[in-house]
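S.K.: I would like the atomic coordinates for the input below:
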Amino acid sequence: MLRDLVVSVRMLLVMTLLTGVAYPLVVWAAGNALFPERARGSVVVVDGTVRGSRLVGQAFDGERWFWGRPSATSPACNAAASGGSNLGPTNPALAAIVRARIERLEAAPHPSRAIPVDLVTASGSGLDPHVSPAAARYQVERVAAARGLALDRVRALVEAHVEPPTLGLLGEARVNVLELNLALDALR
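M.R.: Now for the predicted structure:
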């Protein structure tokens, strides 16, 4: 029995070193060697100042900005509180939240077309950095009016930031809101 205990403890130590030390180090080294930007969080630095990450949604508020997908976290886009609201589709609280978001969008200058669903519903993580091209296009009039820019110039900026599906077939076309807003700032 003592022999079995010694073998078990040795196996525990070996597996701890393999799966708790060696494997994480190999994955970390491979990630840094093959994908250095992503392994370090895809941080966006402008003029020496960190402005955010390409992988995590940012809370943009105000008429001058393209708004990202609503976040169910509190405060908005809080990576430490990642997760959905857990409100089901028939929950009156969810209906009230969505209605408030719709009213906010309808109060701003916008085209006379349907509001894209990703502007009124939160993602599962609450940290989605992208919106659909339709959601970005829906906001062009508001952003152009708030910044005093020509509609065609803002439309062209949106179209330049539409990312195709990964490898041409995975996912859908999308627009990274942080990158779009940084490009908008650069128009000055």
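
S.K.: Strands along this protein, start to end?
M.R.: Ranges of strands within the chain are 43-46, 49-53, 130-131, 162-163, 174-176, based on DSSP state E.

S.K.: What's the separation between the residue nearest in space to the middle of the chain and residue 5?
M.R.: Closest to where the C-alpha atoms of the chain average out (C-alpha atoms, centre = their mean) is residue 129, at 1.8 Å. The spacing between residue 129 and residue 5, counted by C-beta to C-beta, to the nearest Å, is 51 Å. For the C-beta atoms, the positions are set from N, CA and C on the backbone; glycine is no exception.

S.K.: can you check residue 136 too?
M.R.: 63 Å.

S.K.: who has more neighbours, the two?
M.R.: Set residue 136 next to residue 5 and count neighbours by other C-beta atoms under 10 Å: residue 136 wins out with 29 against 9.

S.K.: For the residue nearest to that one when sequence neighbours are not counted, grab the count of nearby residues.
M.R.: Excluding its sequence neighbours, the residue lying closest to residue 136 (C-beta to C-beta, 6 or more residues apart in numbering) is residue 175, at 4.3 Å. As a burial measure, residue 175 scores 23 neighbours (other C-beta under 10 Å).

S.K.: just checking, residue 171 touches residue 165?
M.R.: Yes - contact criterion C-beta atoms under 8 Å: residue 171 and residue 165 qualify, at 4.9 Å.
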